[in-house]
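In: sequence plus the predicted model coming up.
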Number of protein chains: 2
Amino acid sequence: MSIVVVGSMAFDTVKTPYGEVEDALGGAATYFSMAASYFCPVKVVAVVGDDFGDEHIELLERHGVETEGIERTTGTSFRWGGEYSWNLNERTTTFTELNVFETFDPQLPEAYRQTPFVFLANIDPDLQMSVLDQVEEPQLVACDTMNFWIEGKPDRLHELLKDVDVLVINDDEARELSGSYNLVEAAANIRDMGPSALVIKRGEHGVLAFFGDEMFSAPGFPLEKVADPTGAGDTFAGGFFGYLAQHGEYGPAALRRAVIAGSVMASFCVEEFSLGGLIDLDPDRISHRYRAFQLLTDFGDL
Amino acid sequence: MSIVVVGSMAFDTVKTPYGEVEDALGGAATYFSMAASYFCPVKVVAVVGDDFGDEHIELLERHGVETEGIERTTGTSFRWGGEYSWNLNERTTTFTELNVFETFDPQLPEAYRQTPFVFLANIDPDLQMSVLDQVEEPQLVACDTMNFWIEGKPDRLHELLKDVDVLVINDDEARELSGSYNLVEAAANIRDMGPSALVIKRGEHGVLAFFGDEMFSAPGFPLEKVADPTGAGDTFAGGFFGYLAQHGEYGPAALRRAVIAGSVMASFCVEEFSLGGLIDLDPDRISHRYRAFQLLTDFGDL
């Protein structure tokens, strides 16, 4: 199965205790697409400016990502700057320039419209809804969002959530969206809003997922070196949703394996700046890290 | 196999968003003993004042805990007060009265001296060492400590660690002891100090353990209701070490299951105030929660 993903493509200027990069390729749709590309065909919908070089398009295409839906327009691409604290646990946004992203009106190419798996990365819920409306008979719809939209467009977001199967957000967002600090309670509240599955990202502490009457917990992979956490959540989502699309199923067992696949991809992402940890992967390294997750979590009967 | 444990027995006055208790039975050795008692015989070494009623001794003995090593002296027992933030993530100590604990000089009864498994709960490293010296040929030695001793008696603590097989501490303590924020790096540093195994407690985020060339991660059990986190770490240690003693082995596979057994006991502990979650357990409820941990973490091959 293939995925259509809509979201930001950007240039990031990031500083962490391990170094810094300026105007490095970033954005939710970029991280998502690169991660998902290791599992299934991906079609990306985004907008970039005329400062977006061909080399970035070629990088995506080399990974099998369909780029016809990337609108290249006059102006400057979305730019974001962030700086991390010494322990990487806090992030300060140093600047956000929406630029061409401000007037983004996503249009799906004809060839995208019958894609069965739809991922709506964190953008205005109105745009997420517009993209979803352009897909004919989507089979599985997942989305992300953020506090800005939970606070700023709660009605539109709730409207959208009715049509979403899997919501992928972080713990703070789950707490704000549900009004409940306890994540078990938060999950029940959020699943009442529409999504049958909820996947809560907890940064270095991994992922807690709720589906059917099951809970599933995955750890963050303990790494000796974390260079740059930027994009880890979107990379997780790409690996997670890519795995589901690859197998064309989304029952409890597939969702569990997909959470680990996403965690594997996120663990590669944070080891390098920008997309550095994602560009040179191969199935062997992915399955080796997946096996490392098994060794990290396996235990026998009492 | 049986365990000898030395540590505090206390009366706690605790306030959480879910209620409060005054002068409720607490202390590291108490929580540890109660948890371990479900797995193996436990001999406790502690000091209490003449305000320590027979009902508390009887409670422990009813759970098969040997109490001959509890010194009952004139004066007031150790008392501690704490208040938790609305989300239970922060704790303020409202008072600490060492009382009879201040002059504690632990003496092991003759019947304790050949106990193979030794757990040194968080007390002055000099006292931990004194207890360890009184045990003839201990087979497995584990200990806990805290920032107060890491800062206040680093030399004595390092001396002790040379004789410790398993160090069980929380993440902040691991960071302070090692001087490294990254837990993988911290673990390597700490294991160079003596302990062949390190078990890092991360509160609601579970446990990360290092032994041989393996890492093992266990989640905190997602609970709908957490009444009172007091004693969860000591309860974890009791379940963990109790499991090892019950099986008389401490290879990698046993250590993994022991971490889960400890996590199971801690999950019961936090559901009630004081020891309320630990007094009425039975093997069925323990194995049922253990199975819930398996369901929480199981996933198949890629």
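Out: Received it, and whenever you're ready, just let me know what you need.
In: contacts, neighbours, all on C-alpha from now
Out: OK.
In: who touches the nearest residue to A:Asn182 once chain neighbours are set aside in this structure?
Out: Distances taken as C-alpha to C-alpha, 6 or more residues apart in numbering or on different chains put B:Glu224 closest to A:Asn182, at 6.8 Å, once the chain neighbours are dropped. Neighbour list for B:Glu224: A:182-185 [criterion: C-alpha atoms under 8 Å, 6 or more residues apart in numbering or on different chains].
In: in helices, which of those residues fall?
Out: The helices, defined by DSSP state H, take in A:183-185 from these.
In: cross-check those against chain B and keep the overlap.
Out: Checking these against chain B by C-alpha under 8 Å from any C-alpha of the partner chain, the ones in range are A:183-185.
In: which of these are buried? Put it as a ChimeraX command.
Out: A single ChimeraX command selects the buried members of those (16 or more other C-alpha atoms under 10 Å in any protein chain shown):
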select /A:183,184,185
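In: tabulate the ones next to chain B among the ones in helices among the contacts of B:Glu224 (JSON lines), appending pLDDT.
Out: As requested, these are exported to JSON lines (pLDDT from 0 to 100):
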{"residue": "A:Leu183", "pLDDT": "97"}
{"residue": "A:Val184", "pLDDT": "97"}
{"residue": "A:Glu185", "pLDDT": "97"}
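In: which ones are touching the spatially closest residue to A:Asp50 that is not a sequence neighbour?
Out: Once flanking residues are discounted, A:Asp50 sits nearest to A:Thr74: 5.4 Å by C-alpha to C-alpha, 6+ apart. By C-alpha under 8 Å, 6+ apart, A:Thr74 lies in contact with A:49-50, A:100.
In: which stretches of chain A form strands?
Out: Using DSSP state E, the strands of chain A run over residues A:3-6, A:10-16, A:19-26, A:42-48, A:65-66, A:70-72, A:78-84, A:91-97, A:117-120, A:140-143, A:166-170, A:197-201, A:207-211, A:214-218.
In: which one of those strands is the most hemmed in?
Out: The densest packing among those, expressed as mean neighbour count by mean count of other C-alpha atoms under 10 Å in any protein chain shown, is seen in strand A:3-6 with a mean of 30.
In: who touches that one?
Out: Here strand A:3-6 has contacts from A:29, A:32-33, A:40-46, A:106, A:112, A:115-121, A:128, A:131, A:242, A:245, using C-alpha under 8 Å, 6+ apart.
In: also stretch A:269-281?
Out: A:12, A:20-21, A:24-26, A:31, A:34-35, A:225-232, A:235, A:265, A:268.
In: one more pass at 7 Å, please.
Out: Residues from elsewhere that reach stretch A:269-281, judged by C-alpha atoms under 7 Å, 6 or more residues apart in numbering or on different chains: A:24-26, A:31, A:34-35, A:225-229, A:232, A:235, A:268.
In: got the residue ranges for the helices in chain A?
Out: A:28-36, A:54-62, A:125-134, A:147-152, A:154-161, A:171-178, A:183-191, A:232-247, A:252-269, A:283-297.
In: distance to B:Leu140 added to these, as CSV?
Out: Compiled in CSV, these are given as follows (distance: least, C-alpha to C-alpha, whole Å):
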stretch, distance to B:Leu140
helix A:28-36, 45
helix A:54-62, 55
helix A:125-134, 58
helix A:147-152, 50
helix A:154-161, 54
helix A:171-178, 39
helix A:183-191, 38
helix A:232-247, 41
helix A:252-269, 35
helix A:283-297, 24
